[in-house]
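> missing the sequence, but the structure's below:
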DNA sequence: TATTAAACGAGACGGTACGTCCAGTCTTAGC
DNA sequence: GCTAAGACTGGACGTACCGTCTCGTTTAATA
């Protein structure tokens, strides 16, 4: 579906990409992948300043113009790279238990943001968003809004199960759960371990009204 | 005395700085101020991409080399500019009441981050910190550590007054209070109004153990 | 002709050059000519110190990088400019008479060195050669060696005609003929008129052995 | 003699100069010497481009302003340095024999120009003269005119002795004698050995009218 | 003996040009 | 019709020196 690369597979099943130099079939999937991977690699290896359009083109073995044909800027490339291999790692599981769901999700979020390669890309994109309002809007539209929806799932599911007060401000509660994690990652740079994320869940549970239906 | 520029004041009272072109007083205060203000202005007017060393030099009426003599990069300049006119705006007041102290401080923090000019500089610097680990470390050393200390003050004072549990993890609690604000400012871009910050304080109070000395 | 850009005119009759902005034809002839002319003009108008890479770029309407792509330094540009429009002005004519050939050639050489615009460029290049041994070697390889060969032509032709002693040291004789001209131009700065050059030829003839075939 | 500082010796016989930091006597001889030597050394070691006012100041242990107080430019310094230790090496000896005088003088001139350290400075200055007419004029006034006068001495002395035709154009003859040497040094870069200079003298003698008083 | 003024070191300053890097555009040839 | 290739304009980068300008100190002549 959608971003599936295998669509190219119609004429290329099970082989390496044909590496054509232009044709009438439309966009070269080979070039697209090479660009995204090159951008990703450059970021992880050399940091944000080491990612340049020329560098991506060179290490992807692709012409600069080919990049500009499909993307507007290096952050646009990075965003695509990020969306492709990172987006779905953060869908919270559903164990039917809000406490467990939250604990698992926050642990995963913390790990993703502070330890994984896609997390490094994410931090770079968030950084860029502070410098460029247009990019910030695009990034929110293409990723953050979805992610916030996913972050809300555990609470919404619990609410549907009647395990939470009907009038709970889910959005605000979620901000209180994930906000401190982002804060540590983006601002203080402290490690975010399980104790910390578990404590966030505990705090959430403690500030709920005590009288609830089992 | 010594290299104090104000020494000129003895015979120059109430006038503009003497605008020397280098001498062994050492650094020109005039140039320093002009650079910091120019950087600040450019950031607010044209955004981060509009801040260049050449632009700062030109609009400060200063030679590029003079900037490089004292700063390493445009973010270094911006950090100085930020520290100079923003650092102390975020010292929490002390009303002797932890709830009131927190409410006031968080409102102020939210306003500073999302509405003020220094807040724009701050966001730019945090953005840069995502791209540049060396800068991140410097920024934390020169500003964020202090700010975290200030953020802890309301809770520490309350703890000293015996109004909080002795075993309260102050650092973690502060992260839960300010984290959501930074999250909204840096990540979601949502406005942060008083309802939101007050709710954070309420949540904090609610998750305290109920039995406390008055 | 010479530096006429209109060579492109075969397919572009009566119009300005196509002025492309880079393509895979390779090098832009328009840019090349503009740079050489700008360098030439700047040297004549403002002297050697007035020739800068930035100045050339600006007055040629060309990006600095385009210059650096094809030349290494301003003297490299000047050498190309010189070679292009000056190299062949100094080929001695052949009247079949060594005295007349020499007289004509030395007059032309003197005029070229001390009065013409290319001569001004030449003097600047010789000046640079005193400061930069690498450039000196390049200049000798690319121009001076050829010129010395041309300077020898009148004597060599006369020798072939049997009008000169078989054992004449042609190279040394040529140095005695042209050396004083260069000396006046480069060292004393005195004008070099026809009397002077004719006297050189007379001296040459007089120091030949008197018994020669007619 | 030469660059002997011993003028200061009145109160400092046989010791190093007193190294004062300014006084109302006037100029510091120590600083003057240090500058000239530093300029000389830099030229020989690093070439003309390696001579900068800042470099001279640094390696002379002198403030830049001290140099600018007494000289106008690096070529001005170099000219002084040259004049001081090189000027008088080129006074032709007087053996009473024009052939011998010339032979000796031209050999010495050739060696000076192409082999000695002062010769390297001289070439740099001549190079600069090609780039800067004002400097060229100064150099001619302060050195070259004198040198030409010295170069004429052998012929003038011979003329006074009645050994040369009364109507000999001494200036032109001298140009024909020294010109080829300068030409080789400045233009072709060829070595100038004794054969070459002796041949110049022979040529001169041969083109004299044969009937002369003994 | 105390004052004074020229020359000194130090070094910051406003500038100009350097040579490099990358962004983003454009044109062509190959498949 | 998309690609690789690559030359182009434009502009910021960070560096090196330029020549100018104090400043605080040293020093010998003068008062």
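Good, I have the coordinates. Remember, it's a predicted structure, so these values are computed and weren't measured experimentally. Residues are numbered from 1 along each chain as shown, chains lettered A, B, ... in the order given.

> quick check: residue A:138 touching residue A:78?
No: with contact defined as Cβ atoms under 8 Å, residue A:138 does not count as touching residue A:78 (11.7 Å). All C-beta atoms are positioned from the backbone trio N, CA, C, and that covers glycine.

> taking chain A, what residue is nearest to chain C?
Taking Cβ to the nearest Cβ, chain C has its nearest neighbour within chain A at residue A:63, 10.8 Å off.

> how close does that residue sit to residue A:83?
Applying Cβ to Cβ, to the nearest Å, the value for residue A:63 to residue A:83 is 23 Å.

> show me where chain A has helices.
Under the criterion DSSP state H, chain A contains helices at A:29-46, A:53-60, A:64-70, A:74-86, A:98-115, A:117-131, A:133-139, A:145-160, A:170-182, A:194-206.

> show me which residues of the third one are buried.
Spelled out, it's helix A:64-70. A:66, A:67 (16 or more other Cβ atoms under 10 Å in any protein chain shown).

> just for chain A, where's the confidence low?
A:1-27, A:87, A:210-214 (pLDDT under 70).

> could you redo the last one with a cut-off of 80?
A:1-28, A:85-89, A:209-214 (pLDDT under 80).

> more neighbours: residue A:138 and residue A:78, which one.
Shown here are residue A:138 and residue A:78; by other Cβ atoms under 10 Å in any protein chain shown, residue A:78 has more neighbours (25 against 17).

> check the gap between the more buried one and chain B for me.
Using Cβ to the nearest Cβ, to the nearest Å, one obtains 11 Å as the distance from residue A:78 to chain B.

> please tell me I have it right and that residue contacts residue A:123.
No: between residue A:78 and residue A:123 there is no contact under Cβ under 8 Å: 10.9 Å.

> now the common contact residues for the two.
Common neighbours of residue A:78 and residue A:123 are not found (criterion: Cβ atoms under 8 Å, 6 or more residues apart in numbering or on different chains).

> just give the closest residue to residue A:200, not the sequence neighbours.
In this structure, residue A:200 finds its nearest non-sequential neighbour in residue A:177, 5.5 Å apart by Cβ to Cβ, 6 or more residues apart in numbering or on different chains.

> pretty sure the one you found is in contact with residue A:106, am I right?
Yes: contact criterion Cβ under 8 Å: residue A:177 and residue A:106 qualify, at 6.4 Å.

> mutual contacts of these two, please.
Joint contacts of residue A:177 and residue A:106 (Cβ under 8 Å, 6+ apart) are A:200, A:201.

> need the contact list for residue A:158.
Taking Cβ under 8 Å, 6+ apart, one finds A:98, A:101, A:164 in contact with residue A:158.

> make JSON lines out of those and add distance to DNA strand F and neighbour count.
Putting the contacts of residue A:158 into JSON lines (distance: Cβ to the nearest atom of the strand, whole Å; neighbours: other Cβ atoms under 10 Å in any protein chain shown) gives the following:
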{"residue": "A:98", "distance to DNA strand F": "47", "neighbour count": "20"}
{"residue": "A:101", "distance to DNA strand F": "42", "neighbour count": "20"}
{"residue": "A:164", "distance to DNA strand F": "49", "neighbour count": "20"}
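
> thinking again about what came up before, next one: the residue nearest to residue A:200 from DNA strand F, what distance?
Here the criterion is Cβ to the nearest atom of the strand, to the nearest Å. By it, residue A:177 lies 39 Å from DNA strand F.

> ok, that residue - how many residues close by?
Around residue A:177 there are 26 residues (other Cβ under 10 Å).

> so how far is chain D from it?
Residue A:177 sits 61 Å away from chain D, going by Cβ to the nearest Cβ.
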